[in-house]
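Chemist: How does the following fold in three dimensions:
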Amino acid sequence: MPRVSRPTARQDRASRRAVSAIQRPGNRPASSRHPRTPRFHASSAASTLMTGSEDPTAMNPRRTWSLQQIQQNIDTFGYHMYVVDGGAIPRFIYTIGLSPTLGAELIFAGGILYSLDEARAIIEHLRGHLLNPGSNIAADPVGLLGTFCLRAVHRSWGDALLLGAIDFYRTESVAALQCVPDEAHMTIDVPDLSTERSGNSEPAWRWLTDPWPYACAQSASATTDIAALRGAPITEVARWEEDYWEMFAGNGPDVTEDDARIVPITTLLAADPTLAPALELKIGEGFWRHSEEGEWTPWRAHGLGRD
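Modeler: Numbers count the residues shown, from 1 in each chain. A predicted model of the protein is given here:
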């Protein structure tokens with residue numbers, strides 16, 4: 001299995017380890033990122049980036065700076081957008097500042113099908129509908145991104161995910177609405193936040209609280225394709241670095257950069273436990289199979305071609 005060359009994805013994978021917040025020009029807030037996925041960068045609403053290991057409520061200079069930025073964006077744009085990516089659970093994005101006028105914040109959990117800019121455009125679109133109660137969300141698609149609905153978020157999820165908003169408002173809990181894509185744009189990383197949180201019901205999100213069981217870093221990631229993220233069985237796997245794999249539902253070299261996404265490796269393991277042997281591969285090794293039920297076959301040692 002020749003290694004797939006994706007410079008943009010590789011650069012973004014490195015950048016997810018950096019903490020940055022960039023104020024962008026324009027009439028909407030530039031989001032603050034708090035590290036957690038790879039490929040996409042903020043460009044329109046002010047946002048904060050948080051790593052999976054960071055606690056937004058911890059007393060430190062970064063927290064003070066973040067709270068000041070959040071307030072500045074709320075004063076200027078009406079809300080702030082908070083992005084969390086780069087750890088063991090899928091990317092998620094939520095607002096801070098909508099509760100006083102709308103009674104709830106918005107959260108976009110998972111949905112790595114969409115770039116960060118697209119996810120932010122979706123949130124902005126749905127915010128517009130909430131500001132106009134007579135509008136019909138289901139009848140108003142977000143361009144070519146599909147249609148969306150809103151679900152009330154169960155408190156167990158809100159208390160686990162909206163830590164930045166809870167800290168900002170200095171309250172025990174914050175109400176939220178989940179932005180949910182239509183079936184044609186649904187991916188395996190989108191949880192149902194309307195029911196009580198359970199590791200069994202949403203296994204890709206269990207590492208919010210469960211002990212880490214794998215013999216790899218919690219930041220371990222994999223490049224995969226949209227077909228796999230839509231539920232197609234992964235049939236090709238290769239490990240290229242200590243904490244980086246490629247896992248495709250088909251022939252890896254045929255996957256285009258536009259079709260590629262980098263996700264926490266546990267997103268794929270949670271969807272398909274038969275991928276667990278991938279963690280035992282040595283760097284440079286790989287295997288393939290014909291179907292989800294098939295046995296894994298090692299690639300040849302030289303050139304990673306199929307035996």
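Chemist: Please identify the buried residues of whatever helix or strand residue 117 lives in?
Modeler: Assessed by DSSP states H and E, residue 117 sits inside helix 116-131. Residues 116, 118-127, 129-130 are the ones in helix 116-131 that count as buried (16 or more other Cβ atoms under 10 Å). The C-beta positions use only the backbone N, C-alpha and C, and glycine is treated the same way.
Chemist: Take the residues you listed and write them to JSON lines, including distance to residue 174.
Modeler: What follows is the buried residues of helix 116-131, written out as JSON lines (distance: Cβ to Cβ, whole Å):
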{"residue": "116", "distance to residue 174": "22"}
{"residue": "118", "distance to residue 174": "25"}
{"residue": "119", "distance to residue 174": "19"}
{"residue": "120", "distance to residue 174": "19"}
{"residue": "121", "distance to residue 174": "23"}
{"residue": "122", "distance to residue 174": "20"}
{"residue": "123", "distance to residue 174": "16"}
{"residue": "124", "distance to residue 174": "19"}
{"residue": "125", "distance to residue 174": "21"}
{"residue": "126", "distance to residue 174": "17"}
{"residue": "127", "distance to residue 174": "16"}
{"residue": "129", "distance to residue 174": "20"}
{"residue": "130", "distance to residue 174": "15"}
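Chemist: With pLDDT and distance to residue 68 as extra columns, can I get those in JSON lines?
Modeler: As requested, those are exported to JSON lines (pLDDT from 0 to 100; distance: Cβ to Cβ, whole Å):
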{"residue": "116", "pLDDT": "93", "distance to residue 68": "23"}
{"residue": "118", "pLDDT": "95", "distance to residue 68": "28"}
{"residue": "119", "pLDDT": "95", "distance to residue 68": "25"}
{"residue": "120", "pLDDT": "93", "distance to residue 68": "21"}
{"residue": "121", "pLDDT": "93", "distance to residue 68": "26"}
{"residue": "122", "pLDDT": "95", "distance to residue 68": "27"}
{"residue": "123", "pLDDT": "95", "distance to residue 68": "22"}
{"residue": "124", "pLDDT": "94", "distance to residue 68": "23"}
{"residue": "125", "pLDDT": "93", "distance to residue 68": "28"}
{"residue": "126", "pLDDT": "94", "distance to residue 68": "27"}
{"residue": "127", "pLDDT": "94", "distance to residue 68": "23"}
{"residue": "129", "pLDDT": "90", "distance to residue 68": "30"}
{"residue": "130", "pLDDT": "91", "distance to residue 68": "26"}
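Chemist: Quick check: of the residues you listed, which lies closest to residue 62?
Modeler: residue 116 (20.6 Å; Cβ to Cβ).
Chemist: thought the closest one was touching residue 83?
Modeler: Yes - judged on Cβ atoms under 8 Å, residue 116 makes contact with residue 83 at a distance of 6.6 Å.
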